[in-house]
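**Q** Fold the following for me, if possible:
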Amino acid sequence: MTYYDKNALKLSHEYIKANLKKGDIAVDGTMGRGRDTLLLSQLVGSSGKVFAFDIQKEALSSTQVLLEENAITNAQLILDSHHNLKNYVEDAKCVVFNFGFLPGGDHTIFSHSDTSIKAIEAALDIIPSDGFVSICSYYGGDTGFEERDNLLAFLEKLDSKKYTVMLHSFYNRPNCPPLFIVIEKNH
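**A** Okay, the predicted model is just below:
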């Protein structure tokens, strides 16, 4: 495999495709424009279920249109913060987050480390011993660096006996390339 034609989102999707199967339950913690919700829904199939969260009605509307265009019926769209995911989901094979702001949306509305870390903690509670959390951190802009730094400090302290945390960075690319992070729950 080569990486010159990859980015954080492509790596995330490759990892998800390799580890999610028909019948699984998945969570899109930051539905955005619905692309991850669509991917997850297609991977888990009609016997699986996807729960997708966002705090913006615009995100929910965009996602609903995308799912309807693709005849997807196994996704539940939830207008609520990702840190409240345990109010809706008891268990899931994977939880996906894209931290930052809604693509093409209002850049004054963005994820914050306090709720993002709570969302990761909730995700770690609901995934099984072979489950995983996939994170793309879009940290550029006025506030993204603070979220990135707090997120990395939190992840570094996760118990290595319980979790394996992998950080993928395109270190020599310009303009704050997004980070791809995977947290696996150890067996």
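
**Q** what kind of secondary structure is residue 165 in?
**A** The three-state assignment at residue 165 reads strand, by DSSP: H, G, I helix; E, B strand; the rest coil.

**Q** my read: it touches residue 186, true?
**A** No - using C-beta atoms under 8 Å, residue 165 is not in contact with residue 186; the gap is 10.8 Å. C-beta: built from backbone N, CA, C; applies to glycine.

**Q** who's more crowded, these two?
**A** residue 165 (17 against 11; other C-beta atoms under 10 Å).

**Q** Quick check, pLDDT for that one.
**A** You'll see residue 165 listed with a pLDDT of 98.

**Q** beta partners for it?
**A** residue 183 (DSSP bridges).

**Q** quick one: contacts for the residue nearest to residue 25 when sequence neighbours are not counted?
**A** Distances taken as C-beta to C-beta, 6 or more residues apart in numbering put residue 92 closest to residue 25, at 4.5 Å, once the chain neighbours are dropped. Applying C-beta atoms under 8 Å, 6 or more residues apart in numbering, we find residue 92 in contact with 24-27, 51, 123, 126-127, 131.

**Q** Return the list of helices and strands in contact with the helix or strand bottoming out on mean pLDDT in the chain.
**A** For the chain, counting by mean pLDDT, DSSP states H and E, helix 144-156 ranks last in confidence among helices and strands (a mean of 92). In this structure, helix 144-156 makes packing contacts with strand 94-99, helix 113-126, strand 132-137, strand 163-168, strand 179-185, judged by 3 or more C-beta pairs under 8 Å, 6 or more residues apart in numbering; DSSP states H and E.
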